[in-house]
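S.K.: have a look; sequence and predicted model below, questions after that.
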Amino acid sequence: MTTRAGGVSGGEDGPADRRGLASLNLGRSVGDDPAHVAENRRRVAAAIGGRPVFLKQVHGTTVLRLHAGHASPEADPEPADAAISTDPALACAVMVADCLPVLFAGPGVVGAAHAGWRGLAGGVLEQTVAAMREATGCDAGAIQAWMGACIGPARFEVGADVLAAFGAEPMPSDQPLFRFQPNAQGEPRWRADLYGLARRKLAALGLGAISGGGWCTLSEPSRFFSFRHERVDGLRSGRMAAVIRLR
């Protein structure tokens, strides 16, 4: 998983409106210089030893099985929030800046999922594992998952709609994975645990191992990009990526 470090974007000497992109921004739609994004993506490709295929993410549950055509400069794949690959030349990549990235590895197949609360509630993790099993015939117990950096449970403020999406009762009290904490105006709000919600879903799938988690993108702005931190410093936020490929 990338952090802010190691790229060519923004910086103290760059334009004020691009300093929030320093330095390894991988997103093309955040106002960065396209040449800087291309160089940053080239560096990630060199580090992973394959061609990362970046997706058109829409907070959905569609899973894309990568093939050589997806790596061409003219490729225009359908919107998707997860990908799997059985080709060592093609790396699965998802971009994040507070949402949860989950990487998967199984015998002969890897996968990556972009799992914000909408994707989690909708079943993007389940769909990714199903696609991996269909592609190779492997058992769920042969697949392992790793959770990258996302907004942590102490900072992720949500409303009753998010609780309802996960089947939790929107009551003004603490619940598993949702800690009640009204906002400054006294309105009911909760702190949601994305890691816990994902871990519960992954465990229910019977995966062989689940690891990672424990960071907070909003709490470490010098290390991670954070979409919500834009509201704090007034600067544009870049995008990080979690990337995986077969060896």
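M.R.: Now that the structure is in, tell me what you want to look at.
S.K.: local confidence estimate at Lys56?
M.R.: Per-residue pLDDT puts Lys56 at 96.
S.K.: again with the one 4 residues further on
M.R.: The predicted local distance difference test score for Gly60 is 98.
S.K.: wait, Ala115 sits on Asp98?
M.R.: No. Applying C-beta atoms under 8 Å as the test, Ala115 and Asp98 come out as separate, 11.4 Å apart. Quick note: C-beta positions are derived from backbone N, CA and C, even for glycine.
S.K.: more neighbours: these two, which one.
M.R.: Between Ala115 and Asp98, counting by other C-beta atoms under 10 Å, Ala115 is the more crowded of the two (30 against 23).
S.K.: any idea how far Leu235 is from the residue minimising distance to the centre of the chain?
M.R.: Nearest to the mean C-alpha position of the chain, counting by C-alpha atoms, centre = their mean, stands Pro101 at 2.8 Å. According to C-beta to C-beta, to the nearest Å, Pro101 and Leu235 sit 22 Å apart.
S.K.: ok, back up a step: who touches both of Ala115 and Asp98?
M.R.: Jointly contacting Ala115 and Asp98 under the rule C-beta atoms under 8 Å, 6 or more residues apart in numbering is no residue at all.
S.K.: quickly list the domain ranges of this structure.
M.R.: For the chain, automatic domain parsing gives the domain ranges 16-153+195-244, 157-192.
S.K.: measure the residue nearest to the centre of the chain to Arg133 for me?
M.R.: Distance from Pro101 to Arg133, by C-beta to C-beta: 20 Å.
S.K.: try Cys99
M.R.: Plainly put, Cys99 is 24 Å away from Arg133 if you go by C-beta to C-beta.
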